Every structure is written in structure tokens, then in C-alpha cells.
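S.K.: just coords:
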């Protein structure tokens with residue numbers, strides 16, 4: 001099922017989907033008499049690509065996800081939090097690169113935020129979660145090396161390196177933290193799905209989103225009026241999350 005999701009979902013990402021629609025339109029224009037349908041398909045393909053490439057379209061897709069949970073800026077009140085859980089966001093097996101080149105931007109943001117909270121909460125443990133189905137090193141192992149470089153004692157690290165997706169992370173982390181409240185660190189766009197999956201498992205996560213695509217206060221930047229690869233990336237990540245939420249809801253996981 002994991003491989004099925006990995007193979008099927010990219011067909012619905014903005015760039016592949018736009019090219020699929022454009023390809024259909026070109027086939028209709030060049031090899032059939034259905035010129036009107038061909039022109040419509042080409043228009044839709046270009047329109048979809050443009051929509052996802054501008055900050056307006058990317059923002060509409062990202063906003064409901066990234067604005068769901070505000071950043072965690074102060075230690076949570078109540079009983080002391082003993083666990084800081086960081087969900088991995090991808091690593092690369094490239095032994096010829098330094099450790100900072102073997103971790104994705106998303107994972108790097110997450111582990112730095114997790115270390116920040118671990119240092120603010122005396123006595124807490126940093127749980128690093130993430131397998132490596134396509135790599136020689138797991139996400140948890142690479143993040144642990146980054147955490148140690150930031151001064152975290154190895155005795156304060158707990159690694160979960162068997163999970164393949166967020167649903168498995170929630171299930172395996174439940175075995176580690178039980179019913180104890182935990183700070184949950186992941187990308188802002190990924191937080192709604194993560195919270196839903198963790199709460200479904202009976203966990204008590206406290207959201208600490210990081211790695212925001214949308215940054216308030218940059219509305220005067222003239223670059224927002226132009227299409228960009230960054231906007232396309234944000235749109236792709238948002239679509240990935242909407243597909244993940246739909247799949248989890250369909251399976252009753254949330």
C-alpha cells in the first residue's frame with residue numbers, strides 16, 4: 001500500500017497533472033477533429049500551471065493547512081511535558097556530502113525546532129521519528145546526528161526508525177510516549193494531518209509547526225506578482241497533504 005501511494009499520488013501533483021492535461025489537448029488538436037476539446041484542455045492545463053505558480057494560487061492551497069495551528073512560542077502550561085516528538089521529512093543517502101547535505105530542508109527545520117524545545121524543557125526526551133524506505137540511513141538516524149551537533153546528549157534521544165508514513169509514526173510513537181502529552185514538531189503544512197492521526201491513536205499532541213511556506217509581512221514584495229518554482233513547490237506540498245487527508249479519511253484513520 002505504501003508503494004501504491006508513492007506511485008499514484010504524483011500523477012495528481014500540479015506539474016504532472018498540468019502536463020497530462022496539456023498532452024491530452026495536443027493529442028486532440030493534432031490527431032483528431034475535436035479541436036474545441038483540444039483547445040479547452042490546453043487552456044485548462046496552462047491555467048492550472050499558472051494558478052499553482054503564482055503566490056495567489058499557492059497561498060489559497062497552503063492557507064487552510066498552515067493557518068490551522070499557530071506557532072508554539074512559549075512553553076505549554078499545565079503538567080511538565082516530557083516528550084518532544086519530531087516527524088522526519090526525508091533524507092538522502094549521499095556519503096560524499098556533509099550531514100547537512102543529507103537531510104531535506106523540511107527535516108532540517110523540524111529537527112532544529114525540536115532541539116529548541118528539548119532545551120527549553122528540562123528533563124525532556126527528543127523523539128526522532130522516520131524510516132528510510134529508499135535510503136541506506138533512516139530519517140531518525142540522520143536527524144539524531146544533527147541533534148547531537150546542536151548539543152543534545154545521546155541519552156536524551158529516542159529514535160523510531162521503522163515507520164514508513166505518518167500513520168505508522170503515530171502508531172509507533174504511541175508505544176513510546178503512551179498517554180503523556182508531547183510537543184509534536186512537523187512542517188506547518190503537514191500539521192493538520194499529523195494532529196488528526198495522532199489524536200486518532202489516543203495521543204495528546206501539542207502542535208509546534210515549523211517550516212512555513214507562507215510568511216505574513218511580505219505582502220509588499222514585488223516578487224509575489226511573478227510565477228516561481230517556490231510557489232509551485234508550495235502548491236505541490238499542499239496537494240500532497242490534501243491527498244493524504246483524503247486517503248486517511250477514506251480508510252478511517254482520522
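M.R.: Right, received. Where do you want to start? What you see is a predicted model, and the numbers here were worked out from it, not measured in a lab.

S.K.: residues touching residue 203, list them.
M.R.: By Cβ atoms under 8 Å, 6 or more residues apart in numbering, the contact set of residue 203 is 170, 173-174, 177, 179, 182. The C-beta positions use only the backbone N, C-alpha and C, and glycine is treated the same way.

S.K.: what's the answer for residue 241, then?
M.R.: 65, 189-190, 192-193.

S.K.: Helices - which of those residues land there?
M.R.: 65, 192-193 (DSSP state H).

S.K.: among those residues, who's most crowded?
M.R.: residue 193 (26 neighbours; other Cβ atoms under 10 Å).

S.K.: And the pLDDT for residue 133?
M.R.: On pLDDT, residue 133 comes in at 67.

S.K.: on that earlier part again, closest one of the ones in helices among the contacts of residue 241 to residue 242?
M.R.: Closest to residue 242 out of the ones in helices among the contacts of residue 241 is residue 65 (7.9 Å), distances taken as Cβ to Cβ.

S.K.: helix or strand for residue 85, which one?
M.R.: strand 83-87 (DSSP states H and E).

S.K.: same for that strand, what does it pack against?
M.R.: Judged by 3 or more Cβ pairs under 8 Å, 6 or more residues apart in numbering; DSSP states H and E, strand 83-87 is in contact with helix 105-120, strand 125-129, helix 166-177, strand 181-187.

S.K.: mind checking which of these is nearest residue 251?
M.R.: helix 166-177 (8.5 Å).

S.K.: Show me which helix runs longest in the protein.
M.R.: Max-length helix for the chain by DSSP H is helix 229-250.

S.K.: And that one, what's buried?
M.R.: By neighbour count with 16 or more other Cβ atoms under 10 Å, helix 229-250 contains the buried residues 231-245, 247-248.
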